[in-house]
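Peer 1: this one's sequence-less:
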């Protein structure tokens, strides 16, 4: 089978006109007319110098740009209110010519389906400057932007531009590298100890471990299965295998606890309050995710919006707690599916769980669940205010929350 | 950052050099002084800014200064106190001064550099002295280096701004540290030096090969932008005007005497170089009327002069041949679209020049001139002329005949004019002066001796007057006002008064205008003639056919006043003038002959042999262009400008299209410039049994996560999201095994790789585009 070459991003050279170039040409032309008209040799000299500068500018900037190779690195997860840093590797393959005065900018593509999709917004397009890339050197640079709204963000590519050495001619390399990002809601400060384990109150069994950690007693190895965490791969054991199979460690199973985030949104609230609620929910999910595999986080969303499904009743959805990247799914759901005051979409990106719920059904809660309720105004309420609908007894864990602690 | 301070200093020096160039060109010493003070102040302000201190000068004050400059410009333009170019350059220089006090950001530095360029253009349009050339020599590398460095620091500032925008101000220091580690300022300086050399070399090449006089050949020449200063040669005298004549010390001519065997050099005193003769006085103006006006083409006598052979203008008696002197005269600047007077002492008898075109000679006045467009590049004109000091016309033409102006004489015919006269008060004064010296009332009839005595009596009387460059307005006749009221004036008044007094007593006299060469440079061996040496004096007809020179302007001994004093300072001054002469001779007056010298064709290729065909073709093309161009000079300029711009644009597209087709050449150029060896391919060859690795890279690239070339596969896997990282790590491991292992992958391993590939595809999502760290659904 013929090996397939990775398709490099399309690179186009461009020479965008700009005012400085036009003014320079006009002035040079006037100098030439003056020189020919008055037979002024110093004007001839100035005209020759201007032509020389134009030539040198074209040669140097062209050589410089031809020697550059730019690649975009994997983009970090963007979050509202946190600088979006897109990194690139710039390699200057020239033997002697450094690259000076480069500017990199990403182009944000216009999103489709604007009405029913939450689109991200940036304070300004991602842009960066590279003062210097030495010859025969590869450096990592970044463009910076500040996300101001959660949602989907499409990047169509990036452009590397220079006006070196005289600022006369603009030369750019356009890299067509489309990418889609999901900007997550902003971070909120949560009350301390919100997800602390109080297992003793719940009367869990002996296999229980600390939250944030699954069982850490290795009991053996097994073959790799899709979905296994990479940190569980046992490279040493894998290397010993003659057939090259990847083996993963099998630890003693713990009993992960469930964290339910009950998000309640209302049309009566302002957009700011709704976003605050989403930020709080996202922060809880992130905190649960950072706690480790001992916690599984789920999301229960209810709204009193009608437009989402047209049923005339409150709508929402539940995503059952589960392991393995569930927090990312939930954050994506929070970022994409909820368009304040307009719709709660049903997983248009296929990331959310089950079908939308109608009515005021609450998820099934068990006594070992950690439940965090977030009101429509963005406040995190203690669980004691809630009564479980199923499961027999109230959960023992209550969030210790101060009113208005969520910011 | 240390480099930034150096950069800002370079910008400041660039601005100072441009302002000095303009100050020198426009003779504005005050501007240079203010620029120097402003530079010092600006540097102090920059240090304050770099130290993080607030700018001490409120912006309101700076804005107010700019508004004042605008008002000053409007005032100058409305009152026409100066040339438009001078007004505009003055304005730009003032704005530069203000701008140099407001240099907080790189944009300000860029504006300062742009302004300096325009000021330099203004300086070039104003003057061409050596000092200005030196200022330009300093300005050019400084400006280029500052412009190149600006790119570096502007990018750094932009990066700092972006960091500030996203709240990461604290990382700005890391940016500076990285630049310091990379020795970025030094790299920029080295590159700037290369740019200076390349630009200057290209500029010199363009300077050498650019065809001169293209505008004249296309018939596009218009009046020069800037009129010459007041103190210079003119072929007419306007009396009774008000104002001051400014002294202009710009050299215009270099003169030396050439010794010839068997002759005696008589040029021991100041050399009176005649350019025009003024005989007719009317309504405050002395003009060169009648025949032989400089614009008159009828005076052509020497069509054969195109052969560049010395031409004898008029026969000289053998006994007079001993008193002749040969002069080499170099006019530094002439106007290409006008007649060029050939300055020469009285009486020129032989003239020779290499300049093309025709020499015109008016025998009656002994005045020569050259046709328009006959001089070389920069208007430089070199010729030799031989003059006889005591020339006397042949006796056959002793008695002038009275003729009328309706019948212009033939070219070789002596000019005979009606006997001049003077007003009654002037005549009375002249007669009184003669009476005081016991000179007959009709000196012309009494012989040359009495004529000389009469002239000396007039000079003695005028010697009591005061010399002044201030022009005196007169309600009536300005000569009478000068003689009876003001008793002060410049050379034109003295000469006009003497001529009219001599005319009043029946002596034929005329005003000669030109230059007086009295400043001898012992270093260069030339007399340096400046614009301020422009002079007017009197020529008196001692007897028919013989004219003697008298200078009534006090002090009479011009040589003593203009001669440089002795000692080392005088020697330095002469050395400076010699260097300036060389500058003007080789740069300002660069022309076709010098071009042949530079490109090595001088003496090897006869232009008549090699360039005749091209010249004929060019003339054919030139005729076609002339027929099709509009009549208006402005329209012609616009059309030629548009055509040039279009040609450049077309050339650009041709080069670009040619570059596409010449892919091989470009690749070779790429190899040469980037260091990639021929045959080297990127990425390295893919093992056939690990093709899934290539597929995986392709999928990742399509999802917006291309693997950087310099990143190893497993390191790249770490950067991926967890869902994608695991299958990609499996794929990478198999790829390593295939590439570096002892045996190719077996069927099971290939199947495992394909499974991992499908998992990777699933992790990244089958529909739409996915970012690398997007979680698996």
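Peer 2: Good, I have the coordinates. In this text, all values refer to a predicted model and were calculated from it rather than measured experimentally.
Peer 1: from here on, just use CA atoms for contacts and neighbour counts.
Peer 2: Fine.
Peer 1: and stretch A:69-88, how far from the chain's centre?
Peer 2: 8 Å (Cα atoms, centre = their mean, to the nearest Å).
Peer 1: up against chain A, what does the stretch 1-150 of chain B have?
Peer 2: B:121, B:124-125, B:128, B:144, B:147-148 (Cα under 8 Å from any Cα of the partner chain).
Peer 1: farthest pair within these?
Peer 2: B:128 and B:148 (27.5 Å; Cα to Cα).
Peer 1: quick one, which of those two is more surrounded?
Peer 2: Each of residue B:128 and residue B:148 has its neighbours counted (other Cα atoms under 10 Å in any protein chain shown); residue B:148 has more, 26 against 23.
Peer 1: in what helix or strand does that one lie?
Peer 2: helix B:130-165 (DSSP states H and E).
Peer 1: list the helices and strands that helix packs on?
Peer 2: Judged by 3 or more Cα pairs under 8 Å, 6 or more residues apart in numbering or on different chains; DSSP states H and E, helix B:130-165 is in contact with strand A:99-109, strand A:127-133, helix B:2-25, helix B:106-126, helix B:172-181, helix B:184-209, helix B:568-583.
Peer 1: residue B:38: which of the ones you listed is closest?
Peer 2: Between these, helix B:2-25 lies closest to residue B:38; by Cα to Cα that is 9.0 Å.
Peer 1: so where's chain A uncertain?
Peer 2: For chain A, the stretches with pLDDT under 70 are A:1-8, A:38-39, A:111-117, A:196-219, A:251-255, A:293, A:305-315, A:323-326, A:340-362, A:381-407.
Peer 1: so what's the gap between stretch B:518-531 and the chain middle?
Peer 2: Distance, centroid of stretch B:518-531 to centroid of chain: 23 Å (Cα atoms, centre = their mean).
Peer 1: picking up where we left off before, just the angle between the helix holding residue B:148 and helix B:2-25, please?
Peer 2: Using axes from the mean of the first three to the mean of the last three Cα atoms, to 10 degrees, the inter-axis angle of helix B:130-165 relative to helix B:2-25 is 150 degrees.
Peer 1: list the buried ones in helix B:130-165?
Peer 2: Using 16 or more other Cα atoms under 10 Å in any protein chain shown as the test for burial, helix B:130-165 gives B:130-133, B:135-136, B:138-163, B:165.
Peer 1: stretch B:481-489 now?
Peer 2: By neighbour count on 16+ other Cα under 10 Å, the buried set for stretch B:481-489 is B:481-483, B:486-489.
Peer 1: among the residues you listed, which ones are in strands?
Peer 2: B:488-489 (DSSP state E).
Peer 1: out of the buried residues of stretch B:481-489, flag the one nearest to residue A:21.
Peer 2: residue B:489 (53.8 Å).
Peer 1: winner for burial among the helices and strands packed on helix B:130-165?
Peer 2: The highest mean neighbour count among the helices and strands packed on helix B:130-165, using mean count of other Cα atoms under 10 Å in any protein chain shown, belongs to strand A:127-133: a mean of 26.
Peer 1: for chain B, where's the lowest mean pLDDT among helices and strands?
Peer 2: Sorting the helices and strands of chain B by mean pLDDT, DSSP states H and E puts strand B:300-302 at the bottom, at a mean of 38.
Peer 1: in terms of helices and strands, where is residue B:61?
Peer 2: helix B:59-79.
Peer 1: now that helix: buried residues?
Peer 2: B:62, B:65-66, B:69-70, B:72-73, B:76-77.
Peer 1: also stretch A:21-28?
Peer 2: Those would be A:21, A:24-25, A:27-28, for stretch A:21-28 by 16+ other Cα under 10 Å.
Peer 1: and stretch A:225-232, by the same measure?
Peer 2: Quick answer for stretch A:225-232 (16+ other Cα under 10 Å): A:227-230.
Peer 1: check those one by one and keep those near chain B.
Peer 2: Within the buried residues of stretch A:225-232, those near chain B by Cα under 8 Å from any Cα are A:227-230.
Peer 1: distance of residue B:44 relative to chain A?
Peer 2: 27 Å (Cα to the nearest Cα, to the nearest Å).
Peer 1: what is the burial count for that residue?
Peer 2: For residue B:44, using other Cα under 10 Å, the count is 13.
Peer 1: secondary structure element for it?
Peer 2: helix B:29-50.
Peer 1: tell me the secondary structure of residue B:514, please.
Peer 2: strand (DSSP: H, G, I helix; E, B strand; the rest coil).
Peer 1: can you show me the helices along the stretch 1-150 of chain A?
Peer 2: Ranges of helices in the stretch 1-150 of chain A, per DSSP state H, counting those that start in this stretch, are A:19-38, A:41-66.
Peer 1: to residue B:624, which of the ones you listed lies closest?
Peer 2: Closest among the helices of the stretch 1-150 of chain A, using Cα to Cα: helix A:19-38, at 19.5 Å.
Peer 1: off-centre distance for that closest one?
Peer 2: 49 Å.
Peer 1: same check on stretch B:113-129?
Peer 2: Worked out by Cα atoms, centre = their mean, stretch B:113-129 lies 9 Å from the chain centre.
Peer 1: circling back: could you dump the buried residues of stretch A:21-28 into TSV with distance to residue B:424 added?
Peer 2: TSV is the format used below for those (distance: Cα to Cα, whole Å):
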residue	distance to residue B:424
A:21	70
A:24	65
A:25	65
A:27	60
A:28	61
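Peer 1: with distance to chain B added, can I get those in JSON lines?
Peer 2: Listed next are the buried residues of stretch A:21-28 as JSON lines, based on distance: Cα to the nearest Cα, whole Å:
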{"residue": "A:21", "distance to chain B": "12"}
{"residue": "A:24", "distance to chain B": "10"}
{"residue": "A:25", "distance to chain B": "9"}
{"residue": "A:27", "distance to chain B": "9"}
{"residue": "A:28", "distance to chain B": "10"}
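Peer 1: residue numbers of the stretch 151-300 of chain A in contact with chain B?
Peer 2: Residues of the stretch 151-300 of chain A lying near chain B (Cα under 8 Å from any Cα): A:163-167, A:177-181, A:226-230, A:243-244, A:246.
Peer 1: which among those end up buried?
Peer 2: Buried subset of these (neighbour count, 16+ other Cα under 10 Å): A:163-167, A:177-181, A:227-230, A:244, A:246.
Peer 1: taking those residues one by one, which sit in strands?
Peer 2: A:177-181.
Peer 1: of all those residues, which comes closest to chain B?
Peer 2: residue A:179 (4.7 Å; Cα to the nearest Cα).
Peer 1: from residue A:380, how far off is the closest one?
Peer 2: 35 Å (Cα to Cα, to the nearest Å).
Peer 1: where are the low-confidence patches of the stretch 401-550 of chain B?
Peer 2: Residues of the stretch 401-550 of chain B that meet the cut-off, pLDDT under 70, sit at B:401-420, B:470-474.
Peer 1: in it, what residue is nearest chain A?
Peer 2: residue B:531 (18.3 Å).
Peer 1: helix/strand/coil for the closest residue to that residue other than its chain neighbours?
Peer 2: Leaving aside its chain neighbours, residue B:531 sits nearest to residue B:232 (4.8 Å; criterion: Cα to Cα, 6 or more residues apart in numbering or on different chains). Secondary structure, three-state DSSP: residue B:232 is coil.
Peer 1: look up how far chain A lies from residue B:232.
Peer 2: Applying Cα to the nearest Cα to residue B:232 and chain A gives a distance of 18 Å.
Peer 1: over to residue B:760?
Peer 2: 10 Å.
Peer 1: how about that residue, phi and psi?
Peer 2: phi -60, psi -40 (degrees, to the nearest 10).
Peer 1: do residue B:423 as well
Peer 2: phi -70, psi 170.
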